[in-house]
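Peer 1: Structure of the sequence below:
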Amino acid sequence: MGDGPGQESGERTADAPSGTPSAEQLLLGGEPRYTRVQCAERAGVGVERAGALWRSLGFATPGDDEIVFTDADVDALRAVAGLRNAGVGDVGVELSLTRAMGQAMARLTEWQVGMLRELVVADADAADREVTTESGLAAAAALIPGVERLQRYVWRRHLLAASNRMVASGTGPGETAPLAVGFADVAGFTSLSRGLAEARLDEFLEAFEASASSVVIEHGGRVIKNIGDEIMFTADSARDAADIGLGLAERISALDGRPDLHVGLAYGPVLHRLGDVYGTVVNLASRLTALAQPGTVLVDRELAAAIGDEPGFRVKRLRRVSVRGFSHLQPWLLRRGEGEEMHTSAE
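Peer 2: The predicted structure is shown next:
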């Protein structure tokens, strides 16, 4: 890092139209004024530490003489440094926190910018569908305050829900706890996607994600992530997981023109980290999903045993198989009904 020339806060970026605030003014409250060294020095943070935090947030390191940082960047760097200086975690926690926030916000903002562009195009004259800097910034200025309030509210609500789950489970970050993990992916998605135009594919994925997320949440589960045609979720109990798995298979199949799902569930100790889950149970659920026939739900031995006495479910033992990471894997077919089928000719 090296020092660079300063810039007055009243300057505009070169491409901002006269009378229109620049993107930096609108989103960060002021124009770029500092190089990376100047930003770190003003925040009272070491240059190397500041660079590591910047990269962990998902941003490329600027050149030594590039003036890209604002007073908001200085304040944010001070805030992060303040957490660690107050004894909240070490450098590993600091980087994990900023990396997790950066990744989550990057995905969210990509979607928001795309949505903003669609709104601007929809409002443009039919003869001029081009999104200009001025029209984009004007739309952003109108929308951002409300979106920012909503994001703050949703964050606080999820913070409360996550705290309640942690208290109920009696475990903390980095500790394992019994949990049901499930995956559901669309059967034949590769062939399906080749036959759809981009707009129709986007509509399909939106409908799938909305329907699948609704089923998970209705039955007390939590969506971990959506990856294209696949959704990953967790549930605190085997019964909730079974309801989610069967609900997904039934709900998605019932949608007009929607293909069936492959669904796999497993139950056991799971490691929580940065909002995601890891461990053998996760891998097992993924393998069972790949084994499941379209429209069916496969579960592991632990989950089958946990719901053996639950009314409304029936499990059928299938032939053992060997898959990557699991030799002699014992899958069970989950259905609605009464009683447990412990024997089958496939055994």
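Peer 1: hey, let's count contacts and neighbours off CA atoms from now on
Peer 2: Will do.
Peer 1: all strands for this structure, in order.
Peer 2: Using DSSP state E, the strands of the chain run over 176-186, 222-227, 230-235, 261-273, 276-278, 296-299, 313-317, 321-323, 326-329, 332-336.
Peer 1: Can you check which of these gets nearest to Ser56?
Peer 2: Among those, the nearest to Ser56 by Cα to Cα is strand 261-273 (16.2 Å).
Peer 1: Please report how far Val93 lies from Leu271.
Peer 2: Applying Cα to Cα, to the nearest Å, the value for Val93 to Leu271 is 16 Å.
Peer 1: Pull the number of nearby residues for Leu27.
Peer 2: Using other Cα atoms under 10 Å, Leu27 has 15 other residues around it.
Peer 1: what's near enough to touch it?
Peer 2: By Cα atoms under 8 Å, 6 or more residues apart in numbering, no residues touch Leu27.
Peer 1: just checking, Val120 touches Ala140?
Peer 2: No. Using Cα atoms under 8 Å, Val120 is not in contact with Ala140, being 9.5 Å away.
Peer 1: For stretch 61-79, the averaged confidence score.
Peer 2: If you average the pLDDT over stretch 61-79, you get 92.
Peer 1: what about the stretch 1-150 of the chain, any weak spots by pLDDT?
Peer 2: For the stretch 1-150 of the chain, the stretches flagged by pLDDT under 70 are 1-20, 85-90, 122-133.
Peer 1: one more time with 50, if that's ok
Peer 2: Within the stretch 1-150 of the chain, the ranges that satisfy pLDDT under 50 run 1-17, 126-127.
Peer 1: Please go through the protein and pick out the longest helix.
Peer 2: Longest helix in the chain, counting residues (DSSP state H): helix 133-169.
Peer 1: Can you tell me the number of residues neighbouring Gly63?
Peer 2: Using other Cα under 10 Å, Gly63 has 13 neighbouring residues.
Peer 1: More neighbours: Val93 and Leu271, which one.
Peer 2: Each of Val93 and Leu271 has its neighbours counted (other Cα under 10 Å); Leu271 has more, 19 against 12.
Peer 1: Okay, and the beta partners of the more buried one?
Peer 2: Beta-bridge pairing for Leu271 (DSSP bridges): Thr176, Tyr278.
Peer 1: thought it was touching Pro178?
Peer 2: No. With contact defined as Cα under 8 Å, Leu271 does not count as touching Pro178 (9.1 Å).
Peer 1: For the closest residue to Gln330 other than its chain neighbours, give me its contacts.
Peer 2: Excluding the flanking residues, the one nearest Gln330 by Cα to Cα, 6 or more residues apart in numbering is Arg320, at 4.7 Å. Residues near Arg320 by Cα under 8 Å, 6+ apart: His328, Leu329, Gln330, Pro331, Glu347.
Peer 1: Roughly how far does the first one sit from Arg301?
Peer 2: Between His328 and Arg301 the distance is 12 Å, computed by Cα to Cα.
Peer 1: which one of those two has more residues nearby?
Peer 2: Looking at His328 and Arg301 with other Cα under 10 Å, you find the greater number of neighbours at Arg301, namely 15 against 10.
Peer 1: What pLDDT does the model give that one?
Peer 2: What the model reports as pLDDT for Arg301 is 94.
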